[in-house]
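Participant: sequence and predicted structure, then a few things I'm wondering about:
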Amino acid sequence: MMITRVFSGIQPTGTLHIGNYFGAVRNWAAMQHDLECIICIVDYHAITIDVDPKTLRQASLNMAMDLIASGIDPEKTILFVQSDVPEHTELAWILGCVTSFGDLSRMTQFKDKSSREAFISSGLFTYPVLQAADILLYLADGVPVGEDQVQHLELSRRIARRFNSRFGETFPEPEPVVGKKGGRIMSLSDPTAKMSKSSGEAHYVGVMEAETSIRKKVRSAVTDMGLESGDAMSPGVANLFEILELSTEATGEADLVDTLRADFAAGTLMYSKLKDTVFEQLMEILRPIQQKRAKLEASGEVLELLRFGAEKAQTIAQDTIVQVRSVVGLGTANP
Ligand code: TYM
């Protein structure tokens, strides 16, 4: 199937890390030249767990600036904050009525997240329905994400299918689009777990993090965990190589990877050299992003950009909602 319109989302809480960047954001930035791209900062999703209302709005604005600094061009991409387009919640309710309890019970992210919460909200349980609504509201056919979102997207497809079979062909079935590389960047301090904002400072590298702190984290990345057999590469070393490959793709220094891989194969690789190279190549990418971010903050234009994005998003969203209300038989305004 040809993909023409893509939709993706990111939570505003916590910092943007290099897992988000390599797994998702960099792909969004690359796609925006050829496809219609809609990127949403998902604050309704963020409140499924306990967040501080005093910081949430600022977190959404910060995430918008992080994304723009990382290459999302608000002239090309429709970039907006989810709750500025409340149609998301209306569609979520309707889709919830064609989503099975059993399907939601099988979501591994719910099992993970709920095991960490003292209060488990029903919003956390129905989170994937809102995610399906996000995508289907824009009739998106492609969803560029990291690997951890694939199960949610399979459910989005099932929901679209069930809606279409009950009410008539309305939604395309959205395809997950996961990059060949970078779909699952692992934690530096525990390379058997994915890099995530929720596991704590030591586990991730923030895109906007200070250089000294990034150096320290990369230098102390776990390499050997006593898991090697023969000359197999440990998960930590493989992760560092993956980050290096992704970084050098952008810096044009791919031969550095070849040299270090050859050292590894020969059994002469010094991990300190690998780590220093990872750090230097990563900073080549992050430094300009950090500089752009500082300028954006100073310009104060993000609010205006988000308002512009929300208006464009809402135009599409309203058309879909009118259609959905009509086929489901809701309200009195539709014929
Ligand atoms: P979130 O905010 O956790 O992550 C945003 C994007 O970053 C990707 N990602 C990673 N990729 C590679 N390696 C990692 N370690 C890593 N960690 C995160 C995620 O796969 C994601 O693409 N539920 C979503 C937000 C969402 C959404 C949507 C996404 C809401 N509605 C509709 C797509 C379509 C989430 O919490 O992403």
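Facilitator: Good, I have the coordinates. Numbering: from 1, shown residues only.

Participant: does Ile49 really touch Asp112, like I thought?
Facilitator: No. Look at Ile49 against Asp112 with Cβ atoms under 8 Å: they stay out of range, at 11.8 Å. Any C-beta I mention is one placed from the backbone N, CA and C, and that applies to glycine too.

Participant: more neighbours: which of the two?
Facilitator: Using other Cβ atoms under 10 Å as the criterion, Ile49 and Asp112 rank with Ile49 on top: 19 against 12.

Participant: contact partners of the strand or helix carrying Lys111?
Facilitator: In this assignment (DSSP states H and E), Lys111 forms part of helix 108-116. Residues from elsewhere that reach helix 108-116, judged by Cβ atoms under 8 Å, 6 or more residues apart in numbering: Ile49, Leu104, Ile120, Leu124, Phe125, Tyr127, Pro128, Asp148, Gln151, His152, Ser198.

Participant: what is the burial count for the fifth one?
Facilitator: By that I understand Phe125. Neighbours around Phe125, by other Cβ under 10 Å: 17.

Participant: what does the model give it for pLDDT?
Facilitator: Phe125 is assigned 97 on the pLDDT scale.

Participant: how about Ala202?
Facilitator: 89.

Participant: then Asp231?
Facilitator: For Asp231, pLDDT reads 65.

Participant: what sits closest to Met107 if chain neighbours are left out?
Facilitator: Pro128 (5.7 Å; Cβ to Cβ, 6 or more residues apart in numbering).

Participant: tell me who's in contact with the closest residue to Ile18 other than its chain neighbours.
Facilitator: Nearest in space to Ile18, with sequence neighbours left out and distances taken as Cβ to Cβ, 6+ apart, is Val205 at 4.8 Å. Contact analysis of Val205 by Cβ under 8 Å, 6+ apart lists His17, Ile18, Leu188, Met195, Ile214, Lys217, Val218, Leu282.

Participant: any idea how far Pro176 lies from the ligand?
Facilitator: 9 Å (Cβ to the nearest ligand atom, to the nearest Å).

Participant: do the same with Phe308
Facilitator: From Phe308 to the ligand the distance is 21 Å (Cβ to the nearest ligand atom).

Participant: and what of Gln314?
Facilitator: In terms of Cβ to the nearest ligand atom, Gln314 sits 17 Å off from the ligand.

Participant: secondary structure element for that residue, which one?
Facilitator: Going by DSSP H and E, Gln314 is in helix 302-328.

Participant: past the helix or strand bottoming out on mean pLDDT in the chain, which element shows up next along the chain?
Facilitator: The weakest-scoring helix or strand in the chain, judged by mean pLDDT, DSSP states H and E, is helix 108-116 (a mean of 91). Under the assignment DSSP H and E, the closest C-terminal helix or strand after helix 108-116 is helix 122-136.

Participant: can you give me the buried ones in the helix or strand where Gln290 lies?
Facilitator: Here Gln290, judged by DSSP H and E, is contained in helix 271-299. Buried residues in helix 271-299, defined by neighbour count with 16 or more other Cβ atoms under 10 Å: 271, 274-275, 277-283, 285-286, 289-290, 293, 296.

Participant: what does this structure put close to the ligand?
Facilitator: 7-11, 19-20, 23-24, 42, 45, 131, 134-135, 143, 145-146, 148-149, 182-185, 194-196 (Cβ under 6 Å from any ligand atom).

Participant: now for the helix holding Gln290, which elements pack on it?
Facilitator: Applying 3 or more Cβ pairs under 8 Å, 6 or more residues apart in numbering; DSSP states H and E, we find helix 271-299 packed against helix 53-69, helix 211-219, helix 235-251, helix 254-266.

Participant: just name the most buried of those helices.
Facilitator: helix 235-251 (a mean of 20; mean count of other Cβ atoms under 10 Å).

Participant: and the pLDDT at the residue in the stretch 51-200 of the chain positioned nearest to the ligand?
Facilitator: The minimum distance from the stretch 51-200 of the chain to the ligand, using Cβ to the nearest ligand atom, falls at Gly146 (2.4 Å). pLDDT, Gly146: 98.

Participant: got the contact list for it?
Facilitator: With contact taken as Cβ under 8 Å, 6+ apart, Gly146 is in contact with Gly19, Asn20, Gly23, Ala24, Val178, Gly182, Gly183, Arg184, Ile185.

Participant: which one of those residues is nearest to Leu56?
Facilitator: Asn20 (18.2 Å; Cβ to Cβ).

Participant: what bridges to the spatially closest residue to the closest one that is not a sequence neighbour?
Facilitator: Spatial nearest neighbour of Asn20, chain neighbours left out: Ile10 (6.4 Å); criterion: Cβ to Cβ, 6+ apart. With DSSP bridges applied, Ile10 shows beta-bridge pairing to Ile41.

Participant: who are the contact partners of Ile10?
Facilitator: Ile10 neighbours (Cβ under 8 Å, 6+ apart): Leu16, Asn20, Ala24, Val25, Ile39, Cys40, Ile41, Val42, Met63, Leu67.

Participant: shouldn't the first one be in contact with Leu67?
Facilitator: Yes. In terms of Cβ under 8 Å, Leu16 counts as a neighbour of Leu67; the distance is 7.4 Å.
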